[in-house]
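Q: Predicted model follows, preceded by the sequence.
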Amino acid sequence: MPELPEVETVRRGLSTWVAGRRIRQVHVLHERAVRRHAAGPRDFEDRLVGRLVVAVQRRGKYLWMTLDDGQAVLAHLGMSGQLVLPASGQPRSAHLRMVIVFDDDDRALHFVDQRTFGGLQVGGMRAAGDGQRAVPSVIAHIAPDPLEACFDEAAVSARMRARRSGLKRALLDQSLLSGIGNIYADEALWRACLHYARPTNTLTRREVSRVLDSVREVLTEAVAAGGTSFDSLYVNVNGESGWFARDLHVYGRQGQPCTRCGSPIRRDAFMNRSSYSCPTCQRRPRRAHD
């Protein structure tokens with residue numbers, strides 16, 4: 001599933017191409033693409049036609065197009081959702097679910113989704129908390145991500161250290177901090193030399209700061225690389241894959257040598273997924289919370 005770097009890569013591409021353009025037509029080709037829009041496909045189309053896209057924004061794994069009437073088109077890419085701007089004459093994808101046409105550009109925005117777990121919806125905006133920017137109402141409960149200006153590291157650190165859970169479980173909790181998924185949690189923990197099962201209530205302030213610094217580093221580097229692509233399900237708006245996979249140190253590298261110490265990378269079952277770590281650089285604590 002796309003994480004923050006992949007979604008930010010898509011956001012940047014969309015911002016370049018659709019911000020400042022007016023929507024002329026919307027064609028919902030598959031009802032599941034708007035299943036989260038309770039009023040249905042026709043209402044979704046009617047709300048967008050004639051509207052100007054003011055900006056394209058993101059929080060965590062969610063992105064949205066802010067419209068000139070104060071509404072927003074919220075997109076969640078799910079497992080295989082893609083927002084792409086195919087070149088003129090390029091064949092349509094067999095998994096095309098929606099087309100958005102703009103007044104002054106021949107390139108239409110296509111929502112493609114092979115597994116149909118993603119979708120778009122239109123709704124209002126509201127401030128998520130004191131001093132925070134407005135976000136779509138349906139994601140107001142999602143915490144700021146580590147790359148946002150409003151991210152409060154001291155508050156997140158205090159909340160994390162007050163918990164009794166494993167460190168990776170805390171990093172994946174979108175109500176604590178958003179945008180981090182399995183790949184980047186493993187990579188950040190490797191950089192911070194901390195085990196995923198380390199109880200958060202045993203962490204020092206310095207250790208939490210080290211983890212959050214590592215999170216920001218790996219997310220920033222992944223954004224610069226266009227995200228991580230393991231298959232064709234994640235691409236940017238021009239249909240191109242990201243190349244951060246070549247810079248992964250632990251994720252997906254079971255049995256391969258750690259690039260820091262040479263020990264074979266270990267894979268453990270974790271929350272119905274996998275967790276990758278170095279058994280030497282990231283020693284499992286005696287007290288552990290998976």
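A: On my side now, so go ahead.

Q: Mind pulling up the pLDDT for the nearest residue to Ala87 once chain neighbours are set aside?
A: In this structure, Ala87 finds its nearest non-sequential neighbour in Arg107, 7.2 Å apart by Cβ to Cβ, 6 or more residues apart in numbering. In this view, the C-beta of every residue, glycine as well, is placed from N, C-alpha and C. With respect to pLDDT, Arg107 scores 79.

Q: Kindly report the same for Ala128.
A: pLDDT, Ala128: 64.

Q: what's the burial count for Arg35?
A: Here the number of neighbours of Arg35 (other Cβ atoms under 10 Å) works out to 14.

Q: Please apply the same query to Asp43.
A: If you count neighbours by other Cβ under 10 Å, Asp43 ends up with 13.

Q: part of a strand, is it?
A: No - assessed with DSSP: H, G, I helix; E, B strand; the rest coil, Asp43 is helix; it does not lie in a strand.

Q: Do I have it right that Ile139 meets Leu63?
A: No - counting by Cβ atoms under 8 Å, Ile139 stays clear of Leu63, with 10.3 Å between them.

Q: Name the residue in the two with the higher neighbour count.
A: Comparing Ile139 with Leu63 by neighbour count (other Cβ under 10 Å), the higher total belongs to Leu63, at 24 against 19.

Q: Break the chain down into its structural domains.
A: The record's domain split for the chain, according to automatic domain parsing, is 4-139, 153-277.

Q: Switch the ones you listed over to JSON lines; also include distance to Asp145.
A: Shown next, in JSON lines, are the domains of the chain (distance: least, Cβ to Cβ, whole Å):
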{"stretch": "domain 4-139", "distance to Asp145": "5"}
{"stretch": "domain 153-277", "distance to Asp145": "4"}
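
Q: Which residues are in contact with Arg161?
A: Contact analysis of Arg161 by Cβ atoms under 8 Å, 6 or more residues apart in numbering lists Thr200, Asn201, Leu203, Arg205, Val208.

Q: Name the member of the residues you listed that has the highest neighbour count.
A: Thr200 (24 neighbours).

Q: what separates that residue from Asp103, distance-wise?
A: Using Cβ to Cβ, to the nearest Å, we find Thr200 at a distance of 51 Å from Asp103.

Q: returning to that earlier point: looking at the domains of the chain, which is closest to Pro285?
A: Evaluated with Cβ to Cβ, these place domain 153-277 nearest to Pro285, the distance being 5.2 Å.

Q: mind checking the end-to-end distance for that closest one?
A: 25 Å (Cα to Cα, to the nearest Å).

Q: Pull the distance from stretch 253-265 to the chain's centre.
A: Centroid separation for stretch 253-265 versus its chain: 27 Å, with Cα atoms, centre = their mean, to the nearest Å.

Q: a strand runs through Val99, doesn't it?
A: Yes - assessed with three-state DSSP, Val99 lies in a strand.

Q: I'd guessed it sits against Leu120; true?
A: No - Val99 lies out of contact with Leu120 (Cβ under 8 Å); the separation is 11.9 Å.

Q: neighbour count winner among the two?
A: Neighbours per residue, other Cβ under 10 Å: of Val99 and Leu120, the larger number sits with Leu120, 27 against 15.

Q: so that one, which of the three states?
A: strand.

Q: residues touching it, list them.
A: Ala33, Val34, Arg36, His37, Phe44, Val73, Leu74, Ala75, Met98, Phe111.

Q: from these, which single one is nearest His27?
A: Met98 (6.7 Å).

Q: hmm, back to that, can you convert the contacts of Leu120 into TSV and add a column each for secondary structure?
A: Shown next, in TSV, are the contacts of Leu120 (three-state DSSP):
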residue	secondary structure
Ala33	helix
Val34	helix
Arg36	coil
His37	coil
Phe44	helix
Val73	strand
Leu74	strand
Ala75	strand
Met98	strand
Phe111	strand
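
Q: now, among these, which is nearest to Glu217?
A: Using Cβ to Cβ, these come closest to Glu217 at Ala75, 26.8 Å.

Q: Run a quick neighbour tally on that closest one.
A: 25.

Q: What of the one 5 residues further on?
A: As a burial measure, Ser80 scores 19 neighbours (other Cβ under 10 Å).
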